[in-house]
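A.B. asks: Sharing a model that was predicted from the sequence below.
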Amino acid sequence: MSVLVDKNTRLLVQGITGREGMYHAKGCQEYGTNVVGGVTPGKGGTVAEGFPVFNTVEEAVQETGANVSVIFVPPPFAADGILEAVAAKVPLVICITEGIPTQDMVKAWEIVRASKSRLIGPNCPGVISPGKAKVGIMPGRIHKEGSVGIVSRSGTLTYEAVYQLTTRGIGQSTAIGIGGDPIIGTNHVAALKLLNEDPETEAIIMIGEIGGTAEEAAAAYIREHVRKPVVGFIAGQTAPPGRRMGHAGAIISGGEGTAESKMAAMAAAGIHVVKSPAEIGETMARVLGK
Amino acid sequence: MKIHEYQAKEILRKYGVPVPEGEMVTTLEAADTEAKKLFSAGSPVVVVKAQIHAGGRGKGGGVKVVKDLPAANAAATAILGMQLVTHQTGPVGQKVQRLLIEQGSAIERELYLGIVLDRATGKLTMMASQAGGMEIEEVAAKTPEAIYKEAIEPAVGLQPWQARNLAFKLGLTGSLVNQAVGFMLGLYKAFTETDCSLMEINPLVTTKDGKLLALDCKIDFDDNAMFRHKDLKELRDVAEEDPLEVAASKDSLNYIKLDGSIACMVNGAGLAMATMDIIHYAGGSPANFLDVGGGANQQQIEAAFAILLADSNVKCIFINIFGGILRVDVLATAVVAAAKNLNVTLPLVLRLEGTNVEEGRKILADSGLKYAVGETMAEAAKLAVDAAKGSN
């Protein structure tokens, strides 16, 4: 099994006529995802490279029965795109866009939180259930169907972890890129809960990075609730405090958010914490006895 | 984006938040004129403050309180142009090119007020403490109960009752309570309307004549929101930033200079951090953080190379790319062109994986470029560390 996306996914692409939107709409379709259409205001009624385009998310959902929306809308308009998808009651909204102003997300989050929709991201690579569906920008071919779930704040570092598993013959159930922004719809704890409750996810890789205290909260959750083996890595062990390391959320400030604190909390929760990012795959192999 | 204290105080003034009278100057003559003006307006003391982006200026000798014009002159002469070293500047310090000449205040109490995003709740939070003038991180670590917080509902903003709550917890009485409410509401308005990511008033002071004043102010803006604040963008002072970081920002590259010898070029922030970590783990030290991003083009890769090469500490260049959106063949073509155009002679270690990796490897193999390839991150990091040691 898998979580969030699978063969039942009917994907809508917001911003489908943009360069990124179209490129990845095709990429998801090629992987086997059922891409049912896209939204670009003002281009409704047209067909873009085979995808029907709608003016509004509401209309698109009515016409296509879309149950997942992926957002490639530019940063100034992305929070609006999220809210439009939530208003149209799309159950799962995945926002890839990087660079949304924090205060746009502060306001949007209040509405998302009170809704029944789940938001993944923003500033994330998306979600993939190998062999079933890919909703995002990750290279599909490095994945392999299997039973290790992945939750990560980083894009390329997730690919790295997946690659280390696949080259060892270990497949993945679902890889969830939760995003590198200070405000994200689904945090480590929420993503871990999904993987923990998925009967076919046998083990979990958790990749965090400096900034905030979400990994500490995740460690506490794992200690309480997760009996599946967890391998963990924190990026930014050598990052200087006070500097934003690329991701808007990756900053050590006020003595909070250090890799040291996160790794200590994770180790105390029984997570197999690796210091080197090259050891994620081999550690999982050892834990699984492969 | 960081700005100077005097710029932050200008913004507060616009929002009706009380700050001391003062003026930014860049010459001794202007400093003299301003000090004269403040003394003749009846200010018993004048403060000469170095304007650099780093904190801890007072301890470093960058702030002087003076009682007459000759003393003001002497202070300005000493501070302007000095290499100011604080716990935030590093050992070299930062050259002082601007002074704030300000009216002094008869301080009664020093308090703290700040606004930050609470990531756990996704809400802005106003924080207040009676322990003003101290590092708030220290207060938070030792006596977290001494920091009072009000979470702000974004739909309605900071409410007067929340400001009153904080004012009473700060131990304010009489007319100071209402002053504090106005102060806090103004501060919140300034924060949201200018898209700040951090605002700190430390210290917030009460004066002997019963006034509330922002004696110091620190503001950081949300870089992601600067597209809608063209006016604020002009407040950036590139003289306060590392020249290589300024150059990188012109090509939209995410670059942070560090002090090691292995330059790294990576796509993705997480992998870029992890690359720094693995270099460290292999016994070397990273010269920088560099995320060339998902959509890097040839010009950006070339600009990135130029920036890495401009750092004289660099002994080896480590390129770690996991092609997703950024295809490996595109990257390889750009690397070959850049290495040739810039005549790169330093050892080059590559670790390439992902989309179109075979095509990318072929482009490199056919290029005549000298480089080493690591199959895994660990192997590549070791090659880079050895190369950096070898070229010493």
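C.D. replies: Thanks, I have it. Numbering: from 1, shown residues only, chains lettered A, B, ... in the order given.

A.B. asks: and the residue of chain A found nearest chain B, how many neighbours?
C.D. replies: The minimum distance from chain A to chain B, using C-beta to the nearest C-beta, falls at residue A:154 (2.2 Å). The way it works is simple: take the backbone N, C-alpha and C, and place the C-beta from them, glycine included. Residue A:154 is flanked by 32 other residues according to other C-beta atoms under 10 Å in any protein chain shown.

A.B. asks: And the closest residue to it other than its chain neighbours, how far from residue A:243?
C.D. replies: Residue nearest to residue A:154 in three dimensions, not counting chain neighbours: residue B:270, with 2.2 Å by C-beta to C-beta, 6 or more residues apart in numbering or on different chains. For residue B:270, the distance to residue A:243 equals 15 Å [C-beta to C-beta, to the nearest Å].

A.B. asks: Among the two, which residue is more densely surrounded?
C.D. replies: Neighbours per residue (other C-beta under 10 Å) separate residue B:270 from residue A:243, with residue B:270 holding more: 33 against 18.

A.B. asks: State the distance from the more buried one to residue A:111.
C.D. replies: For residue B:270, the distance to residue A:111 (C-beta to C-beta) stands at 28 Å.

A.B. asks: for residue B:295, same thing?
C.D. replies: For residue B:295 relative to residue A:111 (C-beta to C-beta), the value is 30 Å.

A.B. asks: Any idea which residue of chain B lies closest to chain A?
C.D. replies: residue B:270 (2.2 Å).

A.B. asks: and that residue, that one's in a helix?
C.D. replies: Yes. Judged by DSSP: H, G, I helix; E, B strand; the rest coil, residue B:270 forms part of a helix.

A.B. asks: before we move on, back to that, can you tell me which residues contact the residue nearest to residue A:154?
C.D. replies: Shown in contact with residue B:270 (C-beta atoms under 8 Å, 6 or more residues apart in numbering or on different chains): A:152-158, A:180, A:207, A:209, A:235, A:246-247, A:250.

A.B. asks: Out of those, flag the one nearest to residue A:145.
C.D. replies: residue A:158 (16.5 Å; C-beta to C-beta).

A.B. asks: okay, now the spatially closest residue to the closest one that is not a sequence neighbour: neighbour count?
C.D. replies: When the adjacent residues along the chain are set aside, residue A:158 lies closest to residue A:152, with 4.2 Å between them (C-beta to C-beta, 6+ apart). Applying other C-beta under 10 Å, we find 30 residues neighbouring residue A:152.

A.B. asks: Do you know the pLDDT at residue B:237?
C.D. replies: For residue B:237, the pLDDT comes out at 93.

A.B. asks: ugh, typo on my part, it should be residue B:388
C.D. replies: 93.

A.B. asks: ok, and what's touching the lowest-mean-pLDDT helix or strand in chain B?
C.D. replies: Lowest by mean pLDDT, DSSP states H and E among the helices and strands of chain B is helix B:136-142, with a mean of 82. The contact list for helix B:136-142, computed with C-beta under 8 Å, 6+ apart, reads A:254, A:255, B:112, B:114, B:127, B:129, B:131, B:146, B:147, B:200, B:202.

A.B. asks: Next up, the contacts around the second one.
C.D. replies: Just to be clear, that refers to residue A:255. Residue A:255 touches B:137, B:140, B:141, counting by C-beta under 8 Å, 6+ apart.

A.B. asks: Let me know the pLDDT of it.
C.D. replies: On the pLDDT scale, residue A:255 gets 75.

A.B. asks: That one and residue B:137: what is the separation?
C.D. replies: 5 Å.

A.B. asks: so which strand or helix has residue B:30?
C.D. replies: helix B:28-40 (DSSP states H and E).

A.B. asks: mind listing what's buried in the helix or strand following that helix?
C.D. replies: The C-terminal neighbour of helix B:28-40 among helices and strands, as given by DSSP H and E, is strand B:46-50. Using 16 or more other C-beta atoms under 10 Å in any protein chain shown as the test for burial, strand B:46-50 gives B:46, B:47, B:48, B:49, B:50.

A.B. asks: re earlier: so how far is residue A:253 from the residue of chain B closest to chain A?
C.D. replies: 18 Å.

A.B. asks: what packs against the helix ranked longest in chain B?
C.D. replies: The longest helix of chain B (DSSP state H) is helix B:175-193. Here helix B:175-193 touches helix B:5-14, strand B:107-118, strand B:123-129, helix B:160-169, strand B:196-207, strand B:212-214, going by 3 or more C-beta pairs under 8 Å, 6 or more residues apart in numbering or on different chains; DSSP states H and E.

A.B. asks: Can you tell me which of these is nearest to residue A:60?
C.D. replies: Minimum separation from residue A:60 across the helices and strands packed on helix B:175-193 (C-beta to C-beta) falls at strand B:123-129, 31.6 Å.

A.B. asks: Pull the distance from that closest one to the chain's centre.
C.D. replies: Relative to its parent chain, strand B:123-129 has a centroid offset of 20 Å by C-alpha atoms, centre = their mean, to the nearest Å.

A.B. asks: so what strands line up beside it?
C.D. replies: With DSSP bridges as the test, strand B:123-129 is paired with strand B:107-118 (antiparallel), strand B:147-152 (antiparallel).

A.B. asks: Give me the angle between it and helix B:160-169.
C.D. replies: Angle of strand B:123-129 versus helix B:160-169, following axes from the mean of the first three to the mean of the last three C-alpha atoms, to 10 degrees, is 20 degrees.

A.B. asks: Mind listing residues that contact strand B:123-129?
C.D. replies: A:106, B:111-118, B:136, B:139, B:146-154, B:158, B:162-163, B:166, B:169-170, B:184, B:187-188, B:191-192.

A.B. asks: rerun that using 6 Å as the cut-off
C.D. replies: The contact list for strand B:123-129, computed with C-beta atoms under 6 Å, 6 or more residues apart in numbering or on different chains, reads B:112-118, B:139, B:146-152, B:166, B:170.

A.B. asks: Then stretch A:31-45?
C.D. replies: Applying C-beta under 6 Å, 6+ apart, the contact partners of stretch A:31-45 are A:10-14, A:16-17, A:25, A:28-29, A:51-55, A:57, A:60, A:64, A:66, A:133-134, A:140.

A.B. asks: Buried residues, it. List them.
C.D. replies: Those would be A:31, A:33, A:34, A:35, A:36, A:37, A:38, A:39, A:40, A:41, for stretch A:31-45 by 16+ other C-beta under 10 Å.

A.B. asks: Excluding sequence neighbours, find me the nearest residue to the second one.
C.D. replies: Among residues not flanking residue A:33 along the chain, residue A:133 sits closest, at 4.4 Å (C-beta to C-beta, 6+ apart).

A.B. asks: partner residues bridging the one you found?
C.D. replies: residue A:129.

A.B. asks: how deep is it tucked in, by neighbour count?
C.D. replies: 27.

A.B. asks: helix or strand for residue A:206, which one?
C.D. replies: Assigned by DSSP H and E, residue A:206 falls in strand A:203-209.

A.B. asks: Likewise for residue A:164?
C.D. replies: helix A:156-166.

A.B. asks: Same check on residue B:360?
C.D. replies: Using DSSP H and E, residue B:360 falls in helix B:357-365.

A.B. asks: in that helix, what's buried?
C.D. replies: For helix B:357-365, by 16+ other C-beta under 10 Å, it's B:357, B:360, B:361, B:363, B:364.

A.B. asks: Tell me who's in contact with the second one.
C.D. replies: The contact partners of residue B:360, taken as C-beta under 6 Å, 6+ apart, are B:328, B:329, B:332, B:352.
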